[in-house]
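Asker: Build me a model from this:
(chains A and B)
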Amino acid sequence: MTRIVAALFAAVLLVAGCGGEDTGKVSSTPNPSPDKASATEPADDAVVVDIAIRDGKVTPQGDRVDVKVGQKVTLHITSDARETIHIHSQPEREVEIGDGDDIEKAFTFDVPGQIAVEAHELDVTIVQLVVRP
Amino acid sequence: MPASLAAHGVGGSTDLPIPFLYAMVGASWALTISFAVLALAWKEPRFTAEPEVDGPRPRRPSLALLGALITVWFLGALYAGPDDANAGLGAFYILVWVGLVPLALLAGHVWRDLSPWRSIQALVGRLTGRPDGYVAYPAWLGYWPAVFGLLAFVWLELASPDPGDIGAVRLWVTVYVVVTITGGIVFGPRWHDRADPFDVYSYVISYLSPFVRDRRLDVHNPLRTLPQVQVHPGLVALLATLLGSTAYDSFSASSFWQSKSVSVLGQTLTMVGFCVVVAVLFQVATRATGGVTPDERAGLPGRLAHSLVPIVVGYIFAHYLTYLVETGQAVVFALLSIDRDISYVLSVHTSTLAALKVSFVVAGHVLAVVAAHDRALIVLPRAHRLSGQMGLLLLMVAYTFTGLFLLFSV
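Answerer: All right, here's what the predicted structure looks like:
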């Protein structure tokens, strides 16, 4: 029994070693569909996420956006209402949005993981940034 | 009003999905070993429960004192601390809730020693001359109060309007403390054995500890202690709540779920639905055998319930490991008011982390299958041993595949 578990563990670790630090293997769609108002610039060095808050609705909602560690991520936000955007990175970040704002905020993220960007007042996950090494 | 769906009340990022290949490797190992156990394994039970003779040993005063100090510290941080970035909130969600599992695995059911509510009960019992309370704890209640306590906790963490709201957490903890102290005084220590959600959670997990038996250092094969988990009404529901809610936690972070705006009621019902599905499938699968009387059949889910523990623990480790190790550091630093950089040792090693997560799930699955097989040899009639285990084996494979699917797709 113990031997089985040990062998299993070794096997999985072996696969991990062979796989190497995975780069860019994406299991979900690489980018959110363009009609959902988010787009990735052709150059690999910056990602722009267009976010529109209008009539109590947020676009996009729940999309995945792939980014690399250290890559610049610009949130371009237009809003017709006051809103607080939470970025669940470590540490947490926040953007205060005023009525009628059209602003851009740039961030970079150093730790791989998934970072939810949320409209706090409307209680909606706008995008999930998938930060890969 | 506002909520932080992905935030568990504390915030921070979540793990990357595990690569598809890892999920596949894990799934194929799980499947292969499952059927190997069924077809080739021993035909006589090997891990029959050795009955615990005198019940648990008495609580250790030094640990009770330590538990009281930690409780005062955490509650002080929660209630006296700031409303923003409250360290007590993190202590509650991470150190208490997630830390409970590794603590029980490494040190056994020390919760019993540490629990300040047991200390209060003992003190009051001594003062009133009623060490066993005023009312005998009804046997039919079993673990059900603990099940509802756990549901109340996972609701707060995963489905309530704002898990990070300090007022909500303070209210939850206040109600928990009042109910637990009152229950202890009225029903005696039995309340803590059966009804305190954290105490019961720790109790059940501790039987999987390879290092500690009856709260004393004693390295052993955990498959020998696992069958000793006491079966009372609600045991299956308890484990199903832990597994189902953790699966819901993964699921609720999916793009599919996030793209919908689901009401608090909808989230609550979905979360409870996950737990109910896990429980009902287990009830059905364990009963699916021939050659038993209706009474024996009704007893089968309880007699096989301990085999779910490794699946629960494996999946919870896979799901919460980064959270415990990395966000846990932030909580500890905040509690100690020190300013130090957090080490993201797991997050930066993405492949190792993914391999670890798959290993936890598969190891839990294998232990579960072995435990279930061994118990099936005892509880199933000889003629139905192979066919009678099939339902539970397939269900365990289904649980594990679902777990791996959630880890790779969300």
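
Asker: quick one, strands of chain A?
Answerer: Secondary structure of chain A (DSSP state E): strands located at A:46-54, A:57-59, A:63-68, A:72-79, A:83-87, A:93-97, A:102-108, A:113-119, A:124-132.

Asker: Kindly report the same for chain B.
Answerer: B:212-213, B:216-217.

Asker: right, so of those, which gets closest to residue B:233?
Answerer: Proximity of the strands of chain B to residue B:233 was assessed by Cβ to Cβ; the nearest stretch is strand B:212-213, lying at 25.8 Å. Heads up, the C-betas are built off the backbone N, CA and C, glycines and all.

Asker: follow-up on the earlier one: export the strands of chain A to TSV and tack on distance to chain B, mean neighbour count and mean pLDDT?
Answerer: Listed next are these as TSV, based on distance: least, Cβ to the nearest Cβ, whole Å; neighbours: other Cβ atoms under 10 Å in any protein chain shown; pLDDT from 0 to 100:
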stretch	distance to chain B	mean neighbour count	mean pLDDT
strand A:46-54	14	18	92
strand A:57-59	9	17	91
strand A:63-68	6	21	94
strand A:72-79	13	19	94
strand A:83-87	7	20	93
strand A:93-97	10	15	91
strand A:102-108	12	13	93
strand A:113-119	4	25	93
strand A:124-132	4	25	94
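
Asker: Export those strands to CSV and append columns for distance to residue B:188.
Answerer: Output for the strands of chain A, formatted as CSV (distance: least, Cβ to Cβ, whole Å):
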stretch, distance to residue B:188
strand A:46-54, 56
strand A:57-59, 53
strand A:63-68, 53
strand A:72-79, 57
strand A:83-87, 46
strand A:93-97, 49
strand A:102-108, 55
strand A:113-119, 45
strand A:124-132, 46
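
Asker: wait, doesn't residue A:82 sit right on residue A:99?
Answerer: Yes. Counting by Cβ atoms under 8 Å, residue A:82 sits close enough to residue A:99 to count as a contact (5.6 Å).

Asker: follow-up on the earlier one: quick one: closest of the strands of chain A to residue B:45.
Answerer: strand A:113-119 (44.4 Å).

Asker: residues from the stretch 101-250 of chain B in reach of chain A?
Answerer: Residues of the stretch 101-250 of chain B that fall close to chain A, judged by Cβ under 8 Å from any Cβ of the partner chain: B:161, B:221, B:223.

Asker: Quick check on those: which are buried?
Answerer: Neighbour counting over those (16 or more other Cβ atoms under 10 Å in any protein chain shown) leaves residue B:223 as the buried ones.

Asker: Local confidence estimate at the residue in the stretch 301-410 of chain B that chain A sits nearest to?
Answerer: Using Cβ to the nearest Cβ, the single residue of the stretch 301-410 of chain B nearest to chain A is residue B:355, 3.5 Å away. You'll see residue B:355 listed with a pLDDT of 96.

Asker: count of neighbours near it?
Answerer: 25 (other Cβ atoms under 10 Å in any protein chain shown).

Asker: Compare residue A:82 and residue A:99 (neighbour count), which wins?
Answerer: Between residue A:82 and residue A:99, counting by other Cβ under 10 Å, residue A:82 is the more crowded of the two (13 against 9).

Asker: contacting residues around that one?
Answerer: Residue A:82 makes contact with A:96-99, A:121 under the criterion Cβ atoms under 8 Å, 6 or more residues apart in numbering or on different chains.

Asker: just residue A:74 next, same as before
Answerer: Contacts for residue A:74 were tallied using Cβ under 8 Å, 6+ apart; they are A:46-49, A:104-107.

Asker: Quick one: residues contacting the spatially closest residue to residue B:156 that is not a sequence neighbour.
Answerer: Closest residue to residue B:156 apart from its sequence neighbours, by Cβ to Cβ, 6 or more residues apart in numbering or on different chains: residue B:172 at 5.2 Å. Residues near residue B:172 by Cβ under 8 Å, 6+ apart: B:152-153, B:156.

Asker: what does residue A:72 give?
Answerer: A:45-47, A:106-108.

Asker: can I get the residues you listed in TSV with distance to residue A:89?
Answerer: Output for these, formatted as TSV (distance: Cβ to Cβ, whole Å):
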residue	distance to residue A:89
A:45	19
A:46	17
A:47	14
A:106	13
A:107	8
A:108	10
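
Asker: Pick out the most distant pair among the residues you listed.
Answerer: When those are compared pair by pair using Cβ to Cβ, the farthest-apart members prove to be A:45 and A:107, with a separation of 14.1 Å.

Asker: Not counting sequence-adjacent ones, nearest residue to residue B:264?
Answerer: Leaving aside its sequence neighbours, residue B:264 sits nearest to residue B:161 (Cβ to Cβ, 6+ apart; 5.4 Å).

Asker: Please read the previous query as pertaining to residue B:155.
Answerer: Leaving aside its sequence neighbours, residue B:155 sits nearest to residue B:268 (Cβ to Cβ, 6+ apart; 6.2 Å).
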